[in-house]
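Chemist: Kindly return the folded structure for what I paste below:
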Amino acid sequence: MNQFLIPRKTVAGLIVILSVWGCSGGNERLYFSSLSDGWAQHEEIEFLFSPEKINHPTNLYIYLRNDNDYPFSNIHLITTLKTPIGETLIDTLSYSMATPDGEWIGQGYWIHENKLWYKEAYRFSAVGEYRLGIRPAMRHNEQAKSIEVLKGITEVGIGIEEIQAEQ
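Modeler: Numbers count the residues shown, from 1 in each chain. Reported below is the predicted structural model:
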């Protein structure tokens, strides 16, 4: 039997290179909030941030992490973005979380992470602190009453990514 051995220094070097390469994939700033027992419908998760550049195109994402206890194939969210100068932007958003045959769309095996578009090429108009509130807006079909707690949602986050100019 032929054995192929890789020196320890080579393995250690590859691990360091892959770690650095994996962490330097972009300029996206991430903020997360963990949920221990699902996401209560009345619970708005709030993120406070200050953009690094004003009037520069920026992509904004919503991240949702769910486990297999999440009972739906989609999610509806209401977002409220408040600017430092008092403007308020409210959006109602709908995202698919699973394919029609029930396979989760997000990445991961036990926890599935979905990176969802929120605002594409958005331009922050003022210097200062912005507030983004996100809350679920789910209910069962044919019922007006909302679901009290969304089981299976483990984390909610946002990503802020400056669009780099083409060189």
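Chemist: Could you use CA atoms for every contact and neighbour count after this?
Modeler: OK.
Chemist: If the most centrally placed residue in the chain is in a bridge, with which residues?
Modeler: In the chain, the residue lying closest to the centroid (C-alpha atoms, centre = their mean) is residue 63, at 1.2 Å. Bridge pairing for residue 63 (DSSP bridges) gives the partners residue 115, residue 157.
Chemist: and it, what is it in contact with?
Modeler: By C-alpha atoms under 8 Å, 6 or more residues apart in numbering, the contact list for residue 63 reads 113-116, 155-159.
Chemist: redo that, cut-off 7 Å
Modeler: 113-116, 156-158 (C-alpha atoms under 7 Å, 6 or more residues apart in numbering).
Chemist: Likewise for residue 64?
Modeler: Residue 64 sits in contact with 113-115, 155-157, where contact means C-alpha under 7 Å, 6+ apart.
Chemist: Run through the strands of the protein in chain order.
Modeler: Remark: strands assigned in the chain by DSSP state E are 28-34, 39-40, 45-49, 57-66, 74-82, 88-96, 112-123, 130-136, 149-150, 153-162.
Chemist: Reformat the ones you listed as TSV; add distance to residue 103 and mean pLDDT.
Modeler: Output for the strands of the chain, formatted as TSV (distance: least, C-alpha to C-alpha, whole Å; pLDDT from 0 to 100):
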stretch	distance to residue 103	mean pLDDT
strand 28-34	24	96
strand 39-40	22	94
strand 45-49	27	98
strand 57-66	13	97
strand 74-82	12	97
strand 88-96	11	97
strand 112-123	11	96
strand 130-136	22	97
strand 149-150	19	93
strand 153-162	16	97
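Chemist: okay if I get those as a markdown table plus distance to residue 105?
Modeler: Shown next, in a markdown table, are those (distance: least, C-alpha to C-alpha, whole Å):
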| stretch | distance to residue 105 |
| --- | --- |
| strand 28-34 | 20 |
| strand 39-40 | 20 |
| strand 45-49 | 23 |
| strand 57-66 | 11 |
| strand 74-82 | 10 |
| strand 88-96 | 8 |
| strand 112-123 | 7 |
| strand 130-136 | 19 |
| strand 149-150 | 18 |
| strand 153-162 | 14 |
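Chemist: Brilliant, that's me finished.
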